[in-house]
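J.: A structural model of the following input is requested.
(2 chains)
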Amino acid sequence: GAVVSQHPSWVICKSGTSVKIECRSLDFQATTMFWYRQFPKQSLMLMATSNEGSKATYEQGVEKDKFLINHASLTLSTLTVTSAHPEDSSFYICSARGSGGVYNEQFFGPGTRLTVL
Amino acid sequence: AQSVTQPDIHITVSEGASLELRCNYSYGATPYLFWYVQSPGQGLQLLLKYFSGDTLVQGIKGFEAEFKRSQSSFNLRKPSVHWSDAAEYFCAVADPGGYQKVTFGIGTKLQVIP
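T.: Next up, the predicted model:
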């Protein structure tokens, strides 16, 4: 149980285009989802926290107009990188947390590798 | 603010040797503590976690970690390393309350030599 998937696993896009990444909790209801970004040879940095049906809370320094997060259902959150540029190239990882019990911890997706040309 | 320090960025051990990865944290109380492993290009896999109770925690793949409140440490150990253990290891802390914001250390890259 407690499986989180991400789609796509990797994406290459041209500079100026927008890219959408999906994060799904497959076997539990995720009341909270988190989006992280990982640069090469660095740790994960939290970008934003989203609760189902509410606006996401962004960490300091993260542009909310550039990284649009939607958590429209208890099993799906999306991250849209708008007008992507090469500096947005990174490994994006989502995690999901349920509402209690064994699901009261974060379960991580496999990540999405974004390359902007 | 919570923080995590992993003092060793890179460690090399021989297969079959014992392993200890260090982790120190800064937090006002006792946080939730985690160790994750990441293989190249992959997501994170939880090795073990500490919420409360017994300070020696057993995890998957033969790993264990010990929470030492007096030292604000949560070191990861394995008595005998296998070549398949080569990966990046992240220590993390989370606020027990709220939305459990997780803060990660910078990671320790483990290399295993035959």
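
J.: and residue 26, what does it touch?
T.: Let's take chain A. If you count contacts by C-beta atoms under 8 Å, 6 or more residues apart in numbering or on different chains, A:L26 has them with A:3-5, A:75. The C-beta positions use only the backbone N, C-alpha and C, and glycine is treated the same way.

J.: wait, I meant chain B there
T.: B:2-5, B:72.

J.: now A:C23
T.: Counted by C-beta under 8 Å, 6+ apart, A:C23 has contacts A:4-6, A:33, A:35, A:76-79, A:94, A:96, A:109.

J.: ramachandran coordinates for B:R69?
T.: In terms of degrees, to the nearest 10, the main-chain angles of B:R69 are phi -60, psi -40.

J.: leaving out the residues flanking it, which one is nearest to it?
T.: B:T30 (6.7 Å; C-beta to C-beta, 6 or more residues apart in numbering or on different chains).

J.: how many neighbours does that neighbour have?
T.: B:T30 has 15 neighbouring residues, counting by other C-beta atoms under 10 Å in any protein chain shown.

J.: which residues of chain A lie near chain B?
T.: A:6, A:32, A:34, A:42-46, A:49, A:51, A:91, A:93, A:95, A:97, A:104-111, A:113 (C-beta under 8 Å from any C-beta of the partner chain).

J.: select only the buried ones of those residues in ChimeraX?
T.: Those of those that count as buried under 16 or more other C-beta atoms under 10 Å in any protein chain shown are selected in ChimeraX with:
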select /A:6,32,34,43,44,45,46,49,51,91,93,95,97,105,106,107,108,109,110,111
